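Undergrad: sequence first, predicted coordinates after that:
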Amino acid sequence: MAAIVYRWARVVLQNSTNELLTIEGTEVLTGVWTRGCEAHNGEVIDRQSARAFGTESTELQRGISAYVRLGSVSGYAHLRWVLPWVGDFRCEVETTDGLRTASVLVNDEDPAAIAALVTIAPRASKR
Amino acid sequence: MNIGARRVEVVLQNNTNELLTIEGFSTLQGQFRPEYAPKRGAVVEKQGSAKWACESMGDHEGAQGYVRLGSTKGYVHITWLLSYDDASRFEHTVETPAKLACDVYVADEETGSLDARVMLVTLMREGERTRAFAR
């Protein structure tokens, strides 16, 4: 019988820069990667492309916590998210140098199964 | 059900998008009926429902118990007590976290079946009140 997924968070990273973003460090602190949506060190997110990361908890009274750190020639983007057992989803993004966080959109319509879209853009870009 | 026994059925209707997880439960008097016994780790899906039944097993025993469910907003704690000595005495409580609310409707208070009560707990977001069972 399949395990019950109690908490689930899917974080989609949109690379809206013209640079490669390379995953240089990533770990799940609590919970596990969702099959097919794991992050791997050395993996590249192509320019102007998107990548989904999935984390989930099948353990009673256990939330989710994970991070992904990405490098580029313009700087770093550090993405972390937390979905506690009791409490609201939080997603924080830090960028350095030539990168900026254009937006973080969270869909918490289903509070135990969250989807978030994080868009990284060049700092100098103008719409 | 034995003659003179007491029975309480608790129905939970989850009118939220919260995934409710059974984290604790017990009877203080009586036992859960096997087919309607809560199970630790079992879930009540968003907008879903569940039913538990507790009944006394011997003479001079009431039906008393609780179920505690976790959600991302906090804990929902449901208790009930149907006294053996005074079947007209049915006590229940439902505690909800700040962002959730509930309505409680006891069906058999109207139909006169004092030894078997059905308690419907409707969970909803704070600020959303159902008029369906307004009394």
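TA: Arrived safely, thanks for sending. Being a predicted model, the structure only gives us computed values, none of them experimental.
Undergrad: next up, the contacts around the nearest residue to residue A:75 once chain neighbours are set aside.
TA: Excluding its sequence neighbours, the residue lying closest to residue A:75 (Cβ to Cβ, 6 or more residues apart in numbering or on different chains) is residue A:97, at 3.0 Å. For glycine as for every other residue, the C-beta is placed from the backbone atoms N, C-alpha and C. Neighbouring residues of residue A:97 by Cβ atoms under 8 Å, 6 or more residues apart in numbering or on different chains: A:74, A:75, A:76, A:123.
Undergrad: contact partners of whichever strand or helix holds residue A:52?
TA: Residue A:52 belongs to strand A:50-57 when assigned by DSSP states H and E. If you take Cβ under 8 Å, 6+ apart as the criterion, strand A:50-57 is touched by A:5-15, A:28, A:30-34, A:36-39, A:45, A:63-64, A:66, A:68, A:81, A:83, A:85.
Undergrad: and the residue of chain A found nearest chain B, how many neighbours?
TA: Of all residues in chain A, residue A:112 sits closest to chain B, with a separation of 3.7 Å (Cβ to the nearest Cβ). Residues within reach of residue A:112, counting by other Cβ atoms under 10 Å in any protein chain shown, total 26.
Undergrad: for the strand holding residue A:52, which strands pair with it and how are they oriented?
TA: strand A:7-15 (antiparallel), strand A:32-33 (antiparallel) (DSSP bridges).
Undergrad: from those, which stretch is densest packed?
TA: strand A:7-15 (a mean of 22; mean count of other Cβ atoms under 10 Å in any protein chain shown).
Undergrad: any idea which helix or strand in chain B has the lowest mean pLDDT?
TA: Ranked by mean pLDDT, DSSP states H and E, the weakest helix or strand in chain B is helix B:108-111, scoring a mean of 62.
Undergrad: state the pLDDT value of the residue in chain A sticking out farthest from the centre.
TA: Farthest-out residue of chain A from its mean C-alpha position, per Cα atoms, centre = their mean: residue A:1, at 28.8 Å. Note for residue A:1: predicted pLDDT of 72.
Undergrad: ignoring the adjacent residues along the chain, who's closest to residue 33?
TA: Reading this off chain A. Counting by Cβ to Cβ, 6+ apart, the residue nearest residue A:33 is residue A:55, at 6.0 Å.
Undergrad: wait, chain B was what I had in mind.
TA: residue B:53 (4.3 Å).
Undergrad: list the helices and strands the helix or strand hosting that neighbour packs on?
TA: Assigned by DSSP H and E, residue B:53 belongs to strand B:49-55. Where contact means 3 or more Cβ pairs under 8 Å, 6 or more residues apart in numbering or on different chains; DSSP states H and E, strand B:49-55 is packed against strand B:7-14, strand B:31-32, strand B:63-71.
Undergrad: quick one: contacts for residue B:68?
TA: Shown in contact with residue B:68 (Cβ under 8 Å, 6+ apart): B:22, B:23, B:24, B:25, B:75, B:76, B:77, B:78.
Undergrad: ok, which stretches of chain B are strands?
TA: Assigned by DSSP state E, chain B shows strands spanning B:7-14, B:20-29, B:31-32, B:43-44, B:49-55, B:63-71, B:74-82, B:90-95, B:100-106, B:116-125.
Undergrad: which one of those strands lies nearest to residue A:91?
TA: strand B:63-71 (19.9 Å; Cβ to Cβ).
Undergrad: strand partners of that closest one, parallel vs antiparallel please.
TA: As assigned by DSSP bridges, strand B:63-71 forms pairs with strand B:20-29 (antiparallel), strand B:74-82 (antiparallel).
Undergrad: if residue A:100 is in a bridge, with which residues?
TA: Residues in beta-bridge contact with residue A:100 (DSSP bridges): residue A:121.
Undergrad: quick check: closest non-adjacent residue to residue B:44.
TA: Using Cβ to Cβ, 6+ apart, the closest residue to residue B:44 is residue B:20 (4.1 Å).
Undergrad: residue B:47 versus the one you found, what's the distance?
TA: 11 Å (Cβ to Cβ, to the nearest Å).
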